[in-house]
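Sequence plus predicted model, see below.
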Amino acid sequence: MSFEYRYRERRNTVEERGGRPVQPRTEHHDGIVVHRDVAVPTRSGKVVWADLFLPADGAVVPAIASWTPYGKSNPAPIGRRFPRSGVRDDQLSDLVSFEAPDPAYWVPHGYAVIAADMTGMWNSTGPAHFMAPEEAEDYYDLIEWIGTRPWCSGRVGLSGVSYLTVSQWRVAELNPPHLACINPWEGWTDTYREVARHGGIPETFFWPYIWDRWGVAQPGSLLEDLEAEDAEHPWFDDYWASKAAQLEKITVPAFVTASWTDHGLHTRGTLEGFRRISSAQKWLSVHGRKKWAEYYLPENLERQKAFFDRFLKDVQNEVDEWPPVRVEVRSDHYDGVVRESTEWPLPEVEYVPLHLGPSGVLSADVPVTSGSTEYDGNAAGLGAQRATFEYTFTRDTDVVGHARAILFVEAPEAEDMDLFLAVFKKRADGTVVGFPYYALFDNGAAALGWLRVSHREKDEEKSLPYLPVLKHQRALPLDRNGPTEVEVEILPSGTRFAAGESLVLVIQGVDVFRYPEGLLQKSHTHYVNEGPQIIHYGPATPSRLVIPGLPAVLPADVQRS
């Protein structure tokens, strides 16, 4: 490694977070035998403490495992703690830990469930490393320990949301022999690009919040100091590369679930995970709703069960007939249809340019004359605080997949500039649709994008025609001889526009959404903006939004790009 880990002491005791010291014991819960605090050794000399949930009849069964930084036996009342999440209190048992599979559902269906505290966290010994190769090796050892127990059939599957998916990607790239399949449910794969720096702009609420929450440990146990490392590594380097999954190494069957609603956290990484893994048997489901509610929804539990039955029990069922890709195309809040396809991105998509023009219009045609739109980059002055452009569809159109904006921008009084983009859907009556956003909100845009202009250098090897991937390795100054051309990734979405409805593109210098302090959110407060920002358009500066449309319903007046 060309970097050194930094370490810190714990932020909280186990007891302060509602846990207890190690206390091996056996409990009985309605046909489930629970073995609490079972010690599992790792090759590194650490001890992982796990809870085992087994059928009371002693049957030999396959196992579903999760690896958590949140406390394996820490109560997880998602519905009470997060009342906007859509999770009802009666959906979960008292046996489930945060974002993990519920033993009360799985054990009666013939599975063992294992919940383990990741090394260095809670009672497990450390040091703790996050999204790191060392952590993946410890998880590998847990999987192999599970697969060789007399109560296990020898097959292990993985499940869980968010970090419990992040850890799935990392351990699956090591291909443990007893790992039979994975069920990643919304989890990032590239910590720098998807969580810590959005388009190069530092994320200043969730990222600091989460590294603080990952602070429960035993006295004297060291935790990787993500705060110090974040400050020491502002650019993408070997440190951040060590926290990005090597997805192409994953070969096990995978049932991957993503959403349009977790922009800035899980959407991009989950979809990239599905696209890039090498698994011959893989399925993708994308919804437009709230992640925790969808994970525990009865019909989705049935889909998870069908998948695990197929690959952990050899049950010949409908899974082999599943379409490889199912995506929800949203018409309105909690209203949409499911489209099926063979690949992600959808191969039938055509990329359509909509050009920015005068009077806030998006058009299939490049404006005849040049012009510009100006707004206050800090959104604090009395003038315009954003640039807005609108396109009205003449036919029903599905916009599904990766969008991008090619913009010619200028900041006469600044050394750099931050750009925040949002795509909204406007109904024919002029009202704007609020979509579910993140796990808690209901006023979201259809899609979001970000860019710090000095970070605009593309990685040509990793970029695809529809997906610009930035290097994030050096600062490029603004062009002082004229506008600077930039390409902004707009994260994937799936939205249906009926004839007469409009797509609205918003461009501004600060977050489009600002939520009250203390709510889980993504935000950016370390801006580089000064003075006005200018968006140029016209023949010499053809700023445009490129959207992914489906050929069967493309508007008649739109040309293919």
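Looks like it came in fine. Numbers count the residues shown, from 1 in each chain.

Quick one: the strands in the stretch 151-300 of the chain, in order.
Along the stretch 151-300 of the chain, the stretches classed as strands by DSSP state E, counting those that start in this stretch are 152-161, 179-185, 197-198, 201-202, 223-224, 254-259, 282-287.

The nearest residue in space to Asp30 that is not next to it in sequence: neighbouring residues, count only.
Excluding the flanking residues, the one nearest Asp30 by Cβ to Cβ, 6 or more residues apart in numbering is Ala104, at 7.6 Å. In short, each C-beta sits where N, CA and C put it, glycine included. Ala104 has 18 neighbouring residues, counting by other Cβ atoms under 10 Å.

tell me how far the one helix or strand Ala104 maps to is from the chain's mean position?
If you go by DSSP states H and E, Ala104 is part of helix 103-106. Centroid separation for helix 103-106 versus its chain: 25 Å, with Cα atoms, centre = their mean, to the nearest Å.

repeat for stretch 411-420
For stretch 411-420, the distance to the chain centre is 28 Å (Cα atoms, centre = their mean).

then the helix holding Ala104 to PDB, C-alphas only?
Output of helix 103-106 as PDB, limited to C-alpha atoms (Å, rounded to 0.1, in the frame of the first residue of the first chain):
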ATOM      1  CA  PRO A 103     -34.600 -14.400  11.400                       C
ATOM      2  CA  ALA A 104     -38.300 -14.600  12.200                       C
ATOM      3  CA  TYR A 105     -39.000 -14.800   8.400                       C
ATOM      4  CA  TRP A 106     -36.100 -16.900   7.300                       C
END
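
Just give the closest residue to the most centrally placed residue in the chain, not the sequence neighbours.
Centroid-nearest residue in the chain: His266, 0.4 Å away (criterion: Cα atoms, centre = their mean). Using Cβ to Cβ, 6+ apart and skipping residues adjacent in sequence, the residue nearest His266 is Glu186, 4.1 Å away.

before we move on, back to that, any chance of the strands of the stretch 151-300 of the chain in a markdown table, with mean neighbour count, mean pLDDT and distance to Asp396 too?
Output for the strands of the stretch 151-300 of the chain, formatted as a markdown table (neighbours: other Cβ atoms under 10 Å; pLDDT from 0 to 100; distance: least, Cβ to Cβ, whole Å):
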| stretch | mean neighbour count | mean pLDDT | distance to Asp396 |
| --- | --- | --- | --- |
| strand 152-161 | 23 | 98 | 33 |
| strand 179-185 | 26 | 98 | 31 |
| strand 197-198 | 26 | 98 | 32 |
| strand 201-202 | 19 | 98 | 35 |
| strand 223-224 | 24 | 98 | 50 |
| strand 254-259 | 26 | 98 | 23 |
| strand 282-287 | 22 | 98 | 20 |
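
which one of these lies closest to Glu348?
For Glu348, the closest of these is strand 282-287, at 15.3 Å, according to Cβ to Cβ.

contacting residues around the helix or strand of the chain with the lowest mean pLDDT?
Least confident helix or strand, the chain: helix 78-81 with a mean of 74, by mean pLDDT, DSSP states H and E. Residues outside helix 78-81 that contact it (Cβ atoms under 8 Å, 6 or more residues apart in numbering) are Ser85, Val87, Arg88, Asp89, Gln91, Leu92, Phe98, Trp292.

Widest-spaced pair of those residues?
Arg88 and Phe98 (16.1 Å).

more crowded one of the two?
Between Arg88 and Phe98, counted using other Cβ under 10 Å, the more crowded position is Phe98 (23 against 11).

quick one: the more buried one from Tyr527, how far?
33 Å (Cβ to Cβ, to the nearest Å).

and Glu340, what are its bridge partners?
Arg326 (DSSP bridges).

isn't it right up against Arg326?
Yes: using Cβ atoms under 8 Å, Glu340 is in contact with Arg326, at 5.5 Å.

So if I had to pick from the two, which one is more boxed in?
More neighbours surround Arg326 than the other of Glu340 and Arg326, with 17 against 11 (other Cβ under 10 Å).

Now do the contacts for the more buried one.
Trp283, Leu284, Ser285, Val286, Val338, Arg339, Glu340.

ok, now which ones touch the second one?
Remark: with contacts taken as Cβ under 8 Å, 6+ apart, Leu284 is in contact with Val256, Thr257, Ala258, Leu271, Phe274, Pro324, Val325, Arg326, Val327, Trp344.

Please identify the helix or strand for Ala306.
helix 298-312.

Could you name the helices and strands sitting against that helix?
When contacts are defined as 3 or more Cβ pairs under 8 Å, 6 or more residues apart in numbering; DSSP states H and E, helix 298-312 sits against strand 61-68, strand 152-161, strand 179-185, strand 254-259.

residues making contact with that helix?
Contact partners of helix 298-312, identified using Cβ under 8 Å, 6+ apart, comprise 62, 64, 105, 109, 111, 153, 155-157, 159, 180-181, 183, 253, 255, 257, 281, 283, 285, 294, 315-320.

now swap in stretch 362-374 and tell me
Here stretch 362-374 makes contact (Cβ under 8 Å, 6+ apart) with 352-358, 360, 383-384, 387, 389-391, 410, 503, 505, 532-542, 545, 555, 557-559.
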